[in-house]
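>>> sequence? don't have it. structure:
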């Protein structure tokens, strides 16, 4: 679904990470691990199309792509429900019930509250609900477990199981405190370019 | 996906974004009202500072109202993309696969509705304060109605370029004011010509040409600027 060959991204003429190669099939989870500053976020942002690789290429056959990064893209002045409804209308994924997704991520109690009043973990859950709204086949998750309580971590794993079991694919970057339990997990250890 | 379905989904995305931006503007009412109040204060200071000579006020009225409109627009410009840039929403827009040009255009339209349209609506009151002759009031409103969208459009390019800078707002004003100069000259020339009972349609024609040009080109330039700022 997503294949990358020799992706290099340079910042100030220095490669951020060593050339990246992988082949991701549907139902697979690519677990990108590595030390702080080795370029996990940069790689995810390249795959998302926000940054352009200096050299190398990647091809995606996925129907739609969704991304959860460090900046969650949630509007503080809108309620959880309004945030999701906007994304649904914006992406044109009609047929998704936002209320149902909110209950799936455990935010029903705060659905009408403005996002500024939410805790960091609740905001993360809201961003996870947006993943579901997008109905995208490929998920790009950057540290999805940060800020989440034990129940939230289990929620991410459950969402991943559903998504990957339904033929989706996912690239997940984490510094490694928790490992998703999905059987089709492929490890990818990212090496900082400065080490070369 | 066939082209009809694609354009349908694009117009839905456009409307969804426009609606969200207007809703956000009304949620942050102080941000919405500040440029308008600024406009009113600046214009009302002129009669106090210059003295209430009706002839003199009428003479400088077009320039004063237009300069105040420029200042009020520049104040409100920074909000155009900043919050979406800072909270990561812009990244989500890029990933959505919808063209960034369309997104920029939707946000510019929302900006004009919130920041430009109030100036047009308030201009009769400002004209009254400045003792603008009634026969040129219509032209004043017309130049603002054609001109303020140009201000939002040109401004969007500057905002796109400066959004990733910490104090981009200061650079922004240096960047866009020179580009606003032709609009200021043409618009005030039109109103002054109308005050002197001279033909003014050529000025309105020039302004309209400017509007058409900037509607056609500015969203593309703003989208390109945003892409640079994101990387």
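On my side now, so go ahead. Here the structure is a predicted model, which means the values were calculated and not measured.

>>> how about the residue in chain A positioned nearest to chain B, nearest residue that isn't a chain neighbour?
Here chain A gets closest to chain B at one residue, residue A:71, 2.7 Å apart by CB to the nearest CB. In this view, the C-beta of every residue, glycine as well, is placed from N, C-alpha and C. With CB to CB, 6 or more residues apart in numbering or on different chains as the criterion, residue A:71 has its nearest non-adjacent residue at 2.7 Å, and that residue is residue B:88.

>>> where does the chain have low pLDDT?
Using chain A. Filtered on pLDDT under 70, chain A yields the residue ranges A:194-196.

>>> to clarify, I was referring to chain B.
In chain B, residues with pLDDT under 70: B:1-3.

>>> ok, the residue of it found nearest chain A - contacts?
In chain B, the residue that lies nearest chain A is residue B:88 (2.7 Å; CB to the nearest CB). Listed by CB atoms under 8 Å, 6 or more residues apart in numbering or on different chains, the contact set of residue B:88 reads A:69, A:70, A:71, A:72, A:73.

>>> picking up where we left off before, tell me which element the residue of chain A closest to chain B falls in.
Taking DSSP states H and E as the definition, one finds residue A:71 inside no helix or strand.

>>> can you count the residues close to it?
Each residue near residue A:71 was counted by other CB atoms under 10 Å in any protein chain shown, and the total is 16.

>>> settle this for me: it is touching residue B:87, isn't it.
Yes - between residue A:71 and residue B:87 a contact is recorded at 5.8 Å, counting by CB atoms under 8 Å.

>>> figure out the helix or strand that the residue nearest to the spatial centre of chain A lives in.
The centre of chain A sits closest to residue A:141, judged by CA atoms, centre = their mean, with a distance of 1.8 Å. Element membership for residue A:141 (DSSP H and E) is strand A:138-142.

>>> can you report phi and psi for the nearest residue to residue A:10 once chain neighbours are set aside?
Excluding its sequence neighbours, the residue lying closest to residue A:10 (CB to CB, 6+ apart) is residue A:54, at 4.3 Å. As for residue A:54, its main-chain torsions (degrees, to the nearest 10) stand at phi -70, psi -40.

>>> need the helices for chain A, in chain order.
Along chain A, counting by DSSP state H, helices occupy A:40-48, A:80-91, A:98-104, A:120-134, A:150-165.

>>> columns mean neighbour count on top of those, output as JSON lines?
Shown next, in JSON lines, are these (neighbours: other CB atoms under 10 Å in any protein chain shown):
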{"stretch": "helix A:40-48", "mean neighbour count": "23"}
{"stretch": "helix A:80-91", "mean neighbour count": "23"}
{"stretch": "helix A:98-104", "mean neighbour count": "17"}
{"stretch": "helix A:120-134", "mean neighbour count": "22"}
{"stretch": "helix A:150-165", "mean neighbour count": "16"}
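
>>> out of these, nearest to residue A:171?
Closest approach to residue A:171 among the helices of chain A is made by helix A:40-48 (6.1 Å; CB to CB).

>>> now do that closest one: everything it contacts.
A:2, A:4, A:7, A:9, A:11, A:16-17, A:20, A:32-34, A:51-53, A:58, A:60, A:65, A:67, A:69-70, A:140-143, A:171, A:173-175, A:190, B:91, B:94-95.

>>> give me the buried subset of those.
A:2, A:4, A:7, A:9, A:16-17, A:20, A:32-34, A:51, A:53, A:58, A:60, A:65, A:67, A:69, A:140-143, A:171, A:173-174, A:190, B:91, B:94-95 (16 or more other CB atoms under 10 Å in any protein chain shown).

>>> how much space separates the residue most central in space within chain B from residue B:222?
Nearest to the geometric centre of chain B sits residue B:152, at 3.1 Å (CA atoms, centre = their mean). As judged by CB to CB, to the nearest Å, residue B:152 and residue B:222 stand 10 Å apart.

>>> give the intersection of the neighbour lists for these two.
Counting by CB under 8 Å, 6+ apart, the common neighbours of residue B:152 and residue B:222 are residue B:108.

>>> tell me which parts of chain B are close to chain A?
If contact is defined as CB under 8 Å from any CB of the partner chain, the residues of chain B in contact with chain A are B:9, B:12-13, B:15-17, B:19-20, B:23-24, B:27-28, B:83, B:86-92, B:94-98, B:230-231.
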